[in-house]
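> okay, sequence plus prediction incoming.
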Amino acid sequence: MKRAVRLFFFAFVASLPVFGQTSGEITGEVKDFAGAVVVGTKVTVTNAATSATRETVTTGAGVYSFPAMQPGVYDIKVEHPGFRRSVRNAIELQVQQTARVDFVLEVGQVNESIQVTGSAVMLNTPALQTNFSPASTAFGQQAYLDLATLLVDAGQIPYLQFGEVQWWYFPDDGSGMPFYDAYTTSTFAATYGHAMHVFANSNVSPALYPDEAAFLPALIGAFTSAVMSFVRETFPSAKFEVLYPPDVNDFTLTRVVNLPGASWSPANLDVFKTEKFTYTGARNLNKAKESILLPLSKGFSRGRTAHLVGVHNSSEPWDWERRLAEGKQCESIVLFAFDQLSMIGYRLPLGAGERRSAFQG
């Protein structure tokens, strides 16, 4: 299994070098707007510098692949009877990179052409913490649909993330946890016939308050389910993942209210991704390993798990965490640098003296 490792400097993306091989691969999936795979599609790739071409057709799964490609800039043309020709230009292939370029075909004549310029787009997706009312849901539905439309316009199959969609996890001002907007309190009272308990902190046992323990995560699950259903009405092939931080939810209450198990299941999500910046800062690889393995305990296969590693400075064991995630066969591993300064002075691969950790797992 090939796993994607991405290094993020907020909007800047770079690949970690891999030595020993010089070729790469261009691959992707071809579907129609209903989300069905298009079998037997002719795919032509052309080297922009040499004009050398290679051709293939999509498999029964709608997948095409060009292995052993030399690094360079390529144009890709996709043709199938009954659909408009689709063209993607200026796809840059790096050494040892697997460049995924998906296509969504529009019905029309093959002599009609749709040309998508530029590289594949990467989009941030919203985080929502504290309010899951109908107004928030309506806003979220439109926001995610807009993001999905941008991806389709760029020739991509929509892949969207719920980025830390949860209740805020700290009672910052000492007045209590933030579960008390008008919609939440009124809906709870109407459902259970009594006012919701005011939680002073996140260490309260949820077993003492079973109504709240059932109601609060259900609101999150209803929000994400409503967004996914809304987007898939327009784009049935849209994929969704959730980004969940076990570290800031490592309390008896938030472990329950911020993890809607029924809604965030393999039946509803394509990938379950975890992150844990505070464990990285504490140099605790034992907790990092627990975070990486959490999706497995929720029924997700290894190929449907992902992990985000925070990169802050060279004294933190982020590279060990990357290796842990690779060893657990995560579908993808994201290296998130907090800013460009986090990476000043690094030479990759890191020397042993820079890979320090207080807990070696």
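Here it is on my side, so go on.

> okay, now the unreliable bits of the stretch 201-350 of the chain?
338-350 (pLDDT under 70).

> that one: helices as residue ranges?
Here the stretch 201-350 of the chain has its helices, by DSSP state H, counting those that start in this stretch, at 210-234, 254-257, 277-281, 285-297, 318-327.

> any chance of those in a markdown table, plus distance to Tyr159 and mean neighbour count?
Where you see a C-beta, it was placed from the backbone N, CA and C, and this is true even at glycine. Converted to a markdown table, those look like this (distance: least, CB to CB, whole Å; neighbours: other CB atoms under 10 Å):
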| stretch | distance to Tyr159 | mean neighbour count |
| --- | --- | --- |
| helix 210-234 | 11 | 18 |
| helix 254-257 | 27 | 21 |
| helix 277-281 | 23 | 20 |
| helix 285-297 | 17 | 19 |
| helix 318-327 | 19 | 20 |
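
> format the ones you listed as a markdown table; extra columns: distance to Val38.
Formatted as a markdown table, the helices of the stretch 201-350 of the chain follow (distance: least, CB to CB, whole Å):
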| stretch | distance to Val38 |
| --- | --- |
| helix 210-234 | 19 |
| helix 254-257 | 43 |
| helix 277-281 | 41 |
| helix 285-297 | 31 |
| helix 318-327 | 33 |
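
> which one of the ones you listed lies nearest to Ala190?
Nearest of those to Ala190, taken as CB to CB: helix 210-234 at 10.9 Å.

> show me what that closest one is packed against.
Counting contacts by 3 or more CB pairs under 8 Å, 6 or more residues apart in numbering; DSSP states H and E, helix 210-234 packs against helix 134-153, strand 159-163, helix 182-192, strand 239-244, helix 254-257.

> and of the ones you listed, who's closest to Ala207?
Nearest of those (CB to CB): helix 254-257, 9.0 Å.

> and the contacts of the closest one?
166-167, 169, 179, 202, 206, 212-213, 216-217, 248-249 (CB atoms under 8 Å, 6 or more residues apart in numbering).

> ok, those residues vs Gln94, which is closest?
Comparing those against Gln94 with CB to CB places Val248 closest, at 34.6 Å.

> and Phe277, which of the helices and strands packed on helix 210-234 is closest to it?
Among the helices and strands packed on helix 210-234, the nearest to Phe277 by CB to CB is strand 239-244 (11.9 Å).

> strands paired with the closest one, and their directions?
strand 159-163 (parallel), strand 271-275 (parallel) (DSSP bridges).

> most tightly surrounded among those?
Sort the strands paired with strand 239-244 by mean neighbour count, taking mean count of other CB atoms under 10 Å, and strand 271-275 sits at the top with a mean of 23.

> got the angle between that one and helix 285-297?
160 degrees (axes from the mean of the first three to the mean of the last three CA atoms, to 10 degrees).

> how far does strand 271-275 sit from its chain's centre?
Relative to its parent chain, strand 271-275 has a centroid offset of 7 Å by CA atoms, centre = their mean, to the nearest Å.

> who's in contact with that strand?
161, 239, 241-247, 264, 291-292, 294-295, 298, 300, 304-310, 331-332, 334, 336.

> and the helix or strand encompassing Ile76, what does it pack onto?
Using DSSP states H and E, Ile76 sits in strand 72-79. In terms of contacts (3+ CB pairs under 8 Å, 6+ apart), strand 72-79 is packed against strand 24-32, strand 42-47, strand 85-93.

> switch to 7 Å and redo it
strand 42-47, strand 85-93 (3 or more CB pairs under 7 Å, 6 or more residues apart in numbering; DSSP states H and E).

> would you format those strands as a markdown table with mean pLDDT, mean neighbour count and distance to Leu151 included?
A markdown table is the format used below for the helices and strands packed on strand 72-79 (pLDDT from 0 to 100; neighbours: other CB atoms under 10 Å; distance: least, CB to CB, whole Å):
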| stretch | mean pLDDT | mean neighbour count | distance to Leu151 |
| --- | --- | --- | --- |
| strand 42-47 | 96 | 19 | 20 |
| strand 85-93 | 85 | 18 | 13 |
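
> strands paired with the strand holding Ile76, and their directions?
Strand 72-79 has these strand partners (DSSP bridges): strand 42-47 (antiparallel), strand 85-93 (antiparallel).

> including distance to Lys287, could the helices and strands packed on helix 210-234 go into TSV?
Shown next, in TSV, are the helices and strands packed on helix 210-234 (distance: least, CB to CB, whole Å):
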stretch	distance to Lys287
helix 134-153	31
strand 159-163	21
helix 182-192	30
strand 239-244	14
helix 254-257	13
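
> out of the ones you listed, which comes closest to Leu285?
strand 239-244 (19.0 Å).

> so that closest one versus helix 134-153, what angle?
With the same axes, to 10 degrees defining the directions, strand 239-244 sits at 130 degrees from helix 134-153.

> dump the C-alpha coordinates for strand 239-244 into CSV.
What follows is strand 239-244, C-alpha atoms only, in CSV (Å, rounded to 0.1, in the frame of the first residue of the first chain):
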residue,chain,number,x,y,z
LYS,A,239,-16.0,11.7,0.0
PHE,A,240,-15.8,12.9,3.6
GLU,A,241,-13.3,12.5,6.5
VAL,A,242,-13.4,13.8,10.0
LEU,A,243,-10.4,15.3,11.9
TYR,A,244,-10.6,14.4,15.6
